[in-house]
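# Structure of the sequence below:
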Amino acid sequence: MKIESHIAHFTNPLYLQSGRILEPYDIAYATYGELNEDKSNCILVCHALSGSQYCAGEVNDKRGWWDNLIGENKAIDTNKYYVICTNSLGSAFGSTSPISQMYPTTKHYRLKFPVITIFDMIKAQRILLNSLNITKLHAIIGGSMGGMQTLSFAIMYPNIANRFIALSTTHATSPFVIAFNKIMSEAIRNDPNFDNGNYDLTYKPILNGLKVARMTGFLQYITKNTMQKKFGRNYVNHDGLFELFGRFEIERYLEYNGDNFANTFDPMCLLYLLKAISIYDLSYGFIDLCDALKHIKNKLYLISFSGDNMFFTEEMQEIKNTMDKAGNGSLCSHYIVESDYGHDSFLVECNKYADYLQHILK
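Numbering: from 1, shown residues only. Predicted coordinates for the structure are as follows:
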């Protein structure tokens, strides 16, 4: 599979929902496979909170976050399709974010970076596609925060793709998720090494607050049943049961997960992405959700997971019900995958919906 990495630089101003402007700005993206002559085989993949443009194959000795779904002879077959995956504005892997330099100075934005919304993310992606002379996509697909982007594309740019596929997402972030995001944000902000965003970006310190934020978020990603199956009440062999800081296996895994995340992600970027998720509301700027969904003109496929304890199946069913009410329900289908894994099902249980996805794309 042919994989290429790029950074597109734009000098025209990007007008944000907040009224602020980004000028200039970069969009980092990666491509997989070959674009056909009439550019009709292009699929845009939108990543979730901690994802990047590297969704498939192996880059820097690390497998892509959706590698079990995207690649040669897989559900999204790169023998047939040309996949583009961008790094979202505000993220930590090359696109303009709070750790970028603030033109025309050499200072970094840090907390002076404007709040970015999901709509801002898709606006920047559309500008990128236009710069590549790609005006019609075969499909747009994304899960979680990527699903929010997919839904936003469907109402803001309804003719940009033949089909929109949104997994494990919602039309408006619930207070339940906002509360988790608040705890994660506070863990970062209250870490002394965060220093109000003034930590050294060259020799970036490993923030314990970022580790705690990741451990907190992990509680949303898998279910109680999954924890029981994976870890049970097993205790770490070399830790004493009566040692105060002796650990259960689940505790050790949380530490491992937190350490890995803190080594690869940026705390300010996480704050901005959490904010984007918290304020996300598909009906913003419209009369209500029904009014927003009336703008959908092409097929919308919703895929949810019965065990998702972050964005529940009923939240996606509400989108389907509202489209029925809006009069364009025939364009929308809702497929529920039986799973007790949790929110991360869309990443780790691809085998449960790969055939369905392949059918959609055909």
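
# Can you name the residues that contact the closest residue to residue 144 other than its chain neighbours?
Spatial nearest neighbour of residue 144, chain neighbours left out: residue 48 (3.9 Å); criterion: CB to CB, 6 or more residues apart in numbering. Where you see a C-beta, it was placed from the backbone N, CA and C, and this is true even at glycine. Neighbour list for residue 48: 65, 142-146, 347 [criterion: CB atoms under 8 Å, 6 or more residues apart in numbering].

# distance from the centroid: which residue in this protein tops it?
residue 242 (40.7 Å; CA atoms, centre = their mean).

# Now do the SS call for residue 98.
Put simply, residue 98 is coil when judged by DSSP: H, G, I helix; E, B strand; the rest coil.

# Now intersect the contacts of residue 48 with the strands, please.
142-143 (DSSP state E).

# per-residue confidence at the residue farthest from the centre of the chain?
Looking at residue 242, its pLDDT reads 93.

# Going by neighbour count, which residues in stretch 336-352 are buried?
For stretch 336-352, burial by neighbour count (16 or more other CB atoms under 10 Å) applies to 337, 339-347, 349-350, 352.

# wait, stretch 323-335
Here stretch 323-335 shows 323, 326, 328, 331-332, 334 as buried, counting by 16+ other CB under 10 Å.

# cool, and stretch 213-223?
Using 16+ other CB under 10 Å as the test for burial, stretch 213-223 gives 213-223.

# ok but the residue farthest from the centre of the chain is inside a strand, no?
No: going by three-state DSSP, the assignment for residue 242 is coil, not a strand.

# Could you export the contacts of residue 48 as a markdown table, including distance to residue 198 and pLDDT?
Converted to a markdown table, those look like this (distance: CB to CB, whole Å; pLDDT from 0 to 100):
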| residue | distance to residue 198 | pLDDT |
| --- | --- | --- |
| 65 | 31 | 97 |
| 142 | 33 | 98 |
| 143 | 34 | 98 |
| 144 | 30 | 98 |
| 145 | 27 | 98 |
| 146 | 31 | 98 |
| 347 | 34 | 97 |
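
# Parallel or antiparallel, list what pairs with the least confident helix or strand in the chain by mean pLDDT.
Using mean pLDDT, DSSP states H and E, strand 58-59 stands out as the lowest-scoring helix or strand of the chain, at a mean of 86. Note on strand 58-59: by DSSP bridges, its sheet partners are strand 62-63 (antiparallel).

# For the residue nearest to the spatial centre of the chain, give its distance to residue 169.
For the chain, the residue nearest the mean C-alpha position is residue 48 (1.4 Å; CA atoms, centre = their mean). Computed as CB to CB, to the nearest Å, the residue 48 to residue 169 distance reads 9 Å.

# Need the overlap of contacts for those two.
142-146.

# The residue nearest to the centre of the chain belongs to a strand?
No: counting by three-state DSSP, residue 48 is located in no strand; its state is coil.

# ok, back up a step: ok, the shared contacts of residue 48 and residue 169 vs residue 311, which is closest?
residue 144 (7.1 Å; CB to CB).

# Just the buried residues of stretch 323-335: which are in strands?
Using DSSP E, the buried residues of stretch 323-335 in strands are 332, 334.

# Please convert the buried residues of stretch 323-335 to JSON lines, extending it with distance to residue 250.
Output for those, formatted as JSON lines (distance: CB to CB, whole Å):
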{"residue": "323", "distance to residue 250": "40"}
{"residue": "326", "distance to residue 250": "44"}
{"residue": "328", "distance to residue 250": "45"}
{"residue": "331", "distance to residue 250": "43"}
{"residue": "332", "distance to residue 250": "38"}
{"residue": "334", "distance to residue 250": "33"}
